[in-house]
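S.K.: Provided below for reference: sequence and predicted model.
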Amino acid sequence: KFPESLANRMEDFFYNHWFTTKGVVASEIMEKWPKGLREDCFLYIHDLLLKQWPVLKEASIGCQRALSERLQRFTLCPGDMIYHSGDCVGEIYFVIRGHIKVIKNDKLIGVLTSGDVFGES
């Protein structure tokens with residue numbers, strides 16, 4: 001049996017995931033679709049992200065098509081940790097909505113909000 005705090009986090013995640021996706025994972029549904037159709041759908045799904053960040057906005061349409069299929073959206077619950085101090089970082093994260101607290105040695109050192117980017121440098 002999981003400890004209560006971990007069980008609560010798991011339950012929060014599943015409720016939140018269901019609320020945001022209704023059980024539909026676009027990448028799984030589109031896995032067998034023709035490449036062009038998949039790319040067009042992912043361009044539409046990630047439209048806000050591709051238009052909001054300068055490096056993505058300035059990319060060629062071909063680059064955007066390729067990137068859009070590799071982007072992954074996910075939702076976090078309050079209190080979820082993305083990185084722990086010393087973790088090896090291999091991704092770039094874009095904050096679309098909400099905020100992320102940056103904590104070091106149990107002290108709040110910053111808050112990231114919509115439009116901020118963090119991760120691999």
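M.R.: On my side now, so go ahead.
S.K.: which other residues reach the helix or strand of the chain with the lowest mean pLDDT?
M.R.: Ranking every helix and strand in the chain by mean pLDDT, DSSP states H and E puts helix 26-29 at the bottom, with a mean of 80. Contacts made with helix 26-29 from outside it, assessed by CB atoms under 8 Å, 6 or more residues apart in numbering, are listed as Cys41, Phe42, Ile45, Gln72. Where you see a C-beta, it was placed from the backbone N, CA and C, and this is true even at glycine.
S.K.: what's downstream of it, the next helix or strand?
M.R.: Next along the chain after helix 26-29, taking DSSP states H and E as the criterion, comes helix 35-45.
S.K.: Show me where the chain dips below the pLDDT cut-off.
M.R.: 121 (pLDDT under 70).
S.K.: Which stretches in it count as strands?
M.R.: The residue ranges that make up the strands of the chain, judged by DSSP state E, are 92-94, 99-104, 107-113, 117-119.
S.K.: Would you mind finding the most buried of those?
M.R.: strand 92-94 (a mean of 16; mean count of other CB atoms under 10 Å).
S.K.: Run the chain-centre distance for that one.
M.R.: Mean-position distance between strand 92-94 and its chain equals 7 Å (CA atoms, centre = their mean, to the nearest Å).
S.K.: again with stretch 27-41
M.R.: Relative to where its chain is centred, stretch 27-41 has its mean C-alpha point 19 Å off (CA atoms, centre = their mean).
S.K.: next one: stretch 69-77
M.R.: On CA atoms, centre = their mean, the centre of stretch 69-77 falls 3 Å from the chain's centre.
S.K.: Can you point out the buried residues in that stretch?
M.R.: Glu69 (16 or more other CB atoms under 10 Å).
S.K.: Val95: how many residues sit nearby?
M.R.: Applying other CB atoms under 10 Å, we find 14 residues neighbouring Val95.
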